[in-house]
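Undergrad: What would the 3D arrangement of this be:
(chains A and B, ligands or ions: 3)
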Amino acid sequence: MSLGRWSVPVVGRTAHGPGVVELEVEAPALAASIRPGQFVMLFPETPGAPYLGRPMSYFRRSEETMSVLFRVVGAGTRHLAALVRGDRLSALGPLGQPFPDPEPGEVCLVGGGVGVPPLYDWARTLREQGHGVTVLLGARSADQLLGEAAFSPIAAQLLVATDDGSRGHHGPVTSLLPASTATVYACGPSAMLKAVQEWARGRAAPAYLTLEARMACGFGACLGCTVAAANPDPAKGDYGRYVRVCTDGPTFAAGAVLL
Amino acid sequence: MSQLATRVGGLQLKNPVLVASGTFGYGREFAPLFDLSRLGGIMVKGVSLEPWSGNPGVRLAETDSGLLNAIGLQNPGLRHFLDEDWPWLRQFGTPVVVNMVGHSVEEYVAVAQAVSDAGVAAIELNVSCPNIEDGLVFGTDQTALAGLVASVRRVTALPLIVKLSPNTTGPLPYARAAVEAGADALSLINTVLGMAIDSVSRRPVLGNVTGGLSGPAIRPIALRYVWEVASTLAVDVIGMGGIASAQDGLTFLEAGAAAVAVGSALFRDPWAAVRLVDELPAELAGFGYPSVQAAIGAARGERRRGGGSA
Ligand SMILES: Cc1cc2nc3c(=O)[nH]c(=O)nc-3n(C[C@H](O)[C@H](O)[C@H](O)COP(=O)(O)OP(=O)(O)OC[C@H]3O[C@@H](n4cnc5c(N)ncnc54)[C@H](O)[C@@H]3O)c2cc1C
Ligand SMILES: Cc1cc2nc3c(=O)[nH]c(=O)nc-3n(C[C@H](O)[C@H](O)[C@H](O)COP(=O)(O)O)c2cc1C
Ligand code: FES
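TA: Numbering: from 1, shown residues only, chains lettered A, B, ... in the order given. Ligands and ions are numbered 1, 2, ... in the order given. Modelled structure (predicted):
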């Protein structure tokens, strides 16, 4: 289904620990068409909202609603976090490529910090398709950990790591990566993605990285969100050196981009 | 002419609403969203002789009421445009204005010659590029600007639009230089140079340090450029800079623009330009203008009753 722009009301707002908010909007058309791995650009309709939209993966959806889960890091997310039930925001979407399908068999999802939200609906979908899903969640500390309760009923295995050891494994979540042939999907801070990329080098089974970038449009028009391609298409000349995170991604094969 | 029709530099448009170069790609991202033939014209992303990679690092920074970009004119080059984009774009029948960029006069001339042979509607020179020979930006040096425009003029019979940089002391010397060298129309304005410091890292946000400011933040600057040029020189002007609505568009027509272009507003709302087309008749009628032609330059006439006073 093609791109739309909807004015939608906030129907729920839940705090998930310090500075982390889940915002639920009533958006049946979006909820029905968006696929795991895709995102939306959000524009609060309240006064003083920033000029540009903010890209957000969706976290969960029902028939009528869709939610985003985000950390407040600056003006845009502060504005979104201040919305209350009944406020409206505009949503442009669905945007980006859905997650590519895995190989048959095991799947491993790796989420760090606010990289966790996009993986939830994907885990649910994969499990419905009969895949065994291992989920690895990382955070700086226990109070920053997201998604543990949501994932536990659907993950065959759920492992947690924190940088300070306050919960689960003491160390980076990437040290929990399995020596299996699972298809891996990773979303999180760039240090985590770099570690997964390094780990996946030379591995036979596929690994995918979901990237973030500053975006002006989210639908491929501005060329502002680019990342360097690892193997540029020689037919494109210099033009092929950068690819768009918004429309070519946000998910890329681990070997396809230079981080 | 019909109510919405207009002419710029010999280019006939069915309505005065174009989309600004670099904010519309080559139309592919927008074609699934609306019929591109509803637009008055399409100014495509800057085309260079060879493909350009654009800038490394962060390319965007938001500002109050606008954005800074340092894309670095990433584009797939002339060959790709002629082989892939133009044959596809021409099916819509919308006039296509080819914006072009270059490192030297020779590069501009080569692109101008090739697209003229292909049959596009008009050429727009982005003169905010440095000349690789001396590092001078064409658009901020009157002699270099005149030389570039004259050289392109010699190889094309198409309407030749020159897009002026606002990063000068004022538009008139440059506008005059461009017109005397053969420009048929002027686009006003390109982005305004600026920069931003990151709130966390305390370092420049943009990989390129500086970038071009666009959006509502520059609308008053653009309006002043249009006003000054249109009321001084006998040349058609396309106004752009922060235009998002029919209200905005009408003010540029009243200041003297013969057409307007929607740019950054498309990033917020990809339908912004077609909405402007749809809402313009009511906006014109609301202020008693029977047509676009009647509105062009109307702000130079006598003040309306009830209008602001000092
Ligand atoms: C496809 C996609 C999906 C996303 N999904 C989620 C999500 O589900 N949950 C979530 O919490 N966040 C998500 N983000 C990140 C989110 O968009 C940014 O946190 C938000 O735009 C920041 O806006 P702000 O105005 O609050 O911060 P700003 O004031 O713009 O920035 C605050 C700080 O963050 C840095 N920053 C801002 N934007 C980015 C960026 N895109 N990449 C790297 N650094 C940045 C700035 O340099 C600055 O240091 C996603 C981003 C993308 C591209
Ligand atoms: C992301 C971006 C890319 C642009 N690329 C070009 C370009 O290739 N050539 C050009 O002449 N102008 C380019 N421009 C300038 C716009 O065409 C326009 O003159 C300017 O942005 C002011 O209009 P606006 O405020 O409506 O965006 C670009 C602007 C933006 C924001
Ligand atoms: S955000 Fe505009 S091209 Fe990706």
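
Undergrad: Spell out which parts of the stretch 1-150 of chain A neighbour ligand 1.
TA: For the stretch 1-150 of chain A, the residues in contact with ligand 1 (CB under 6 Å from any ligand atom) are A:39, A:54-57, A:68-71, A:73-77, A:114, A:117-118. Every C-beta, even on glycine, is put in place using the N, C-alpha and C of the backbone.

Undergrad: Can you report how many residues lie near the closest residue to ligand 1 within chain B?
TA: Here the residue of chain B nearest ligand 1 is residue B:200; by CB to the nearest ligand atom that distance is 3.4 Å. Neighbour count for residue B:200, taken as other CB atoms under 10 Å in any protein chain shown: 7.

Undergrad: One more: the one 10 residues further on?
TA: If you count neighbours by other CB under 10 Å, residue B:210 ends up with 13.

Undergrad: my read: it touches residue B:70, true?
TA: Yes: if you go by CB atoms under 8 Å, residue B:210 and residue B:70 touch, sitting 7.0 Å apart.

Undergrad: State the number of residues packed around residue 116.
TA: Defaulting to chain A. Count around residue A:116 with other CB under 10 Å applied: 26.

Undergrad: meant chain B, my bad for not saying
TA: 18.

Undergrad: Who are the contact partners of the residue nearest to it when sequence neighbours are not counted?
TA: If you skip the residues right next to it in sequence, residue B:116 has residue B:156 as its closest partner in space, 4.3 Å away by CB to CB, 6 or more residues apart in numbering or on different chains. Residue B:156 sits next to B:112-113, B:116, B:123 when contact means CB atoms under 8 Å, 6 or more residues apart in numbering or on different chains.

Undergrad: what's the farthest-apart pair in those?
TA: Largest separation among the contacts of residue B:156 by CB to CB: B:113 and B:123, giving 10.2 Å.

Undergrad: Comparing these two, which residue is more hemmed in?
TA: Neighbour comparison, residue B:113 and residue B:123: the larger count goes to residue B:123, with 25 against 14 (by other CB under 10 Å).

Undergrad: Report the contact partners of the residue of the stretch 51-200 of chain B found nearest ligand 2.
TA: Going by CB to the nearest ligand atom, ligand 2 is nearest to residue B:126 of the stretch 51-200 of chain B, at 3.3 Å. Contacts for residue B:126 (CB under 8 Å, 6+ apart) come out as B:21, B:46, B:73, B:99-101, B:163, B:190.

Undergrad: and residue A:63, how many residues sit next to it?
TA: The burial count for residue A:63: 7, using other CB under 10 Å.

Undergrad: oh sorry, the question was meant for residue B:192
TA: 19.

Undergrad: before we move on, what about residue A:197?
TA: 23.

Undergrad: Nearest residue to it in space, ignoring adjacent ones along the chain?
TA: In space, residue A:197 is closest to residue A:254, 4.9 Å off (CB to CB, 6+ apart).

Undergrad: quick one, phi psi at the one you found?
TA: Reported as degrees, to the nearest 10, the phi and psi values for residue A:254 are phi -60, psi -30.

Undergrad: mind checking how far it is from residue A:135?
TA: Here residue A:254 is placed at a distance of 18 Å from residue A:135 (CB to CB, to the nearest Å).

Undergrad: element containing residue A:78?
TA: helix A:75-81 (DSSP states H and E).

Undergrad: Mean confidence (pLDDT) on that helix, please.
TA: For helix A:75-81, mean pLDDT rounds to 96.

Undergrad: Show me what secondary structure element comes after that helix.
TA: Moving toward the C-terminus from helix A:75-81, the next element (DSSP H and E) is strand A:88-95.
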